[in-house]
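Engineer: Just need the structure, nothing else, for what follows:
(2 chains)
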Amino acid sequence: MTRLGQVFLGMILIFLYTPIFVLMAMGFNESELYELPFKFSTRWYSALSTNTELLTSGFNSIVLAVITAIGTLAALALSRRTFRGRSLLQLLLLPPIAIPWLITGTAC
Amino acid sequence: MPSKATPQRALKGARILPQWVSTTALLLPAYGWLSLADFLPLLTMFLFSFMNKTPMGKAPIEFTLRHYRAFIDQPYLVKIAANTLLMGLWTTLTCAVLGFLAALALVRCTTGARRETLLILILLPFWTNGLVRVFSWTMVLRENGFLDNLWHWIAPTAGSIAILYSREAIVIGLVHGYLPYRIITCYIALVTIDDAIIGAAQSLGARWWVILTKILIPLAAPGLISGAVLTFVPVIGSFMEPRILGGKVGVTMGTVIEDQFTQAFNWPLGASLSFTLLAVTLAIFATFSGILRRGTGGTA
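Structural biologist: Below you'll find the model as predicted:
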């Protein structure tokens, strides 16, 4: 039984990582359009290191990711405290998930 | 986790600040941000959904309910909606089965450092960009792609197994996106179940399916359900995966709505469709939470 579980986990990991590894490999592929057969090249990585626009946007992403910590604060309050309007606040979390994010973005 | 403060500390905390102040302080940043970045735009969109056309330029705006009649006026939308719900159902179901089994295997078949490594490995793909992951699936699934090449290497004479641009491809992409999340929620639900309960059941002669259906699933139910809701809801609004992996068959409510915004420039219709979708989602959610409240004795 233990063996079976481990084999199953292994299969799940293969499923999760197949596209990631293919993607990593394609980063080193000469072709722009994922063409096979594979030809090794580092031209995309050297292009990346000189692209300041991409580097700035990468930094912006990091800032945004840090800001999501405010969600943790709210989660603390919602789980540890009881107060009036708690379930309403929890319900309010659903629309932002359910509405496709493109729409929220457009409206902003 | 210091869930219980020592009496001294509790006393000190109470003297400095009443509890509502700290509760507000914890909630304010997140809900302030949500108001600005989500609720306000969504309210604007809700307003747009009653307008006769996109509010750009100087042409007068009239308010109308006709966009909410879209499902009656354009019957093909009903079929698309049904397909979308089906896609959501398949994705949620696949994720539920795979996620539960994987979490169960983690809890019962691994220990210590190995389990921690596996958990991190499961979470890592979740940190890669969604759009990029979807594109890499196109490389894996397409004709002459990774999977097809592998298959031809094993069975040179067999036909192609490329399934890009099909419903299966969409579900694969979506399951890949949400599975790590589901494994973790199931894992958290399962790991809190006391081993002694299972040991007691076993020693009294319970078979594995009895343990599964009478102990593990009922006790893990709240986690399983919230995981299912948090998969189903975003999946039926998704448009990236259907568009990129589905090609011609990838017409879902998500892509129809996206088209209204990016191609047809009919924001009111797009907005009303997404609010209809939200209403349907909330209805499903309400129905299920009612059933589950009865099923699990009011804990869900």
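Engineer: Every contact and neighbour count from this point should use C-alpha atoms.
Structural biologist: Noted.
Engineer: any idea what sits nearest B:I257, other than its immediate chain neighbours?
Structural biologist: B:G270 (4.7 Å; Cα to Cα, 6 or more residues apart in numbering or on different chains).
Engineer: Which positions within the host helix or strand of the one you found qualify as buried?
Structural biologist: Per DSSP states H and E, B:G270 falls inside helix B:267-295. Within helix B:267-295, the residues that qualify as buried are B:267-278, B:281-282, B:289, B:292, counting by 16 or more other Cα atoms under 10 Å in any protein chain shown.
Engineer: now stretch B:137-151
Structural biologist: Within stretch B:137-151, the residues that count as buried by 16+ other Cα under 10 Å are B:137-149, B:151.
Engineer: Nearest to chain A, out of those residues: which one, please.
Structural biologist: Distance to chain A, by Cα to the nearest Cα, is smallest for B:W137 among the buried residues of stretch B:137-151, at 5.6 Å.
Engineer: B:I61 in helix, strand or coil?
Structural biologist: coil (DSSP: H, G, I helix; E, B strand; the rest coil).
Engineer: er, B:F126 I mean
Structural biologist: helix.
Engineer: is it true that it touches B:R182?
Structural biologist: No - contact criterion Cα atoms under 8 Å: B:F126 and B:R182 do not qualify, at 11.0 Å.
Engineer: which one of those two has more residues nearby?
Structural biologist: B:R182 (28 against 17; other Cα atoms under 10 Å in any protein chain shown).
Engineer: Does the more buried one touch B:V97 like I think?
Structural biologist: No - the criterion here is Cα under 8 Å, and B:R182 misses it with B:V97 at 9.7 Å.
Engineer: okay, now B:T91: neighbour count?
Structural biologist: B:T91 has 26 nearby residues by other Cα under 10 Å.
Engineer: Quick check: mean pLDDT of the helix or strand it falls within?
Structural biologist: B:T91 is located in helix B:76-109, with elements delineated by DSSP H and E. The pLDDT scores in helix B:76-109 average 92.
Engineer: Quick check: buried residues in that helix?
Structural biologist: B:77, B:80-81, B:83-85, B:87-96, B:98-109.
Engineer: And the helix or strand that it is followed by, how far out from the chain middle?
Structural biologist: Per DSSP H and E, helix B:76-109 leads on to helix B:112-123 as the next helix or strand towards the C-terminus. Chain-centre distance of helix B:112-123: 22 Å, with Cα atoms, centre = their mean, to the nearest Å.
Engineer: Stretch A:90-108 now?
Structural biologist: 18 Å.
Engineer: and the helix holding B:T91, what other elements does it pack with?
Structural biologist: helix A:2-27, helix B:70-73, helix B:167-191, helix B:217-236, helix B:253-262 (3 or more Cα pairs under 8 Å, 6 or more residues apart in numbering or on different chains; DSSP states H and E).
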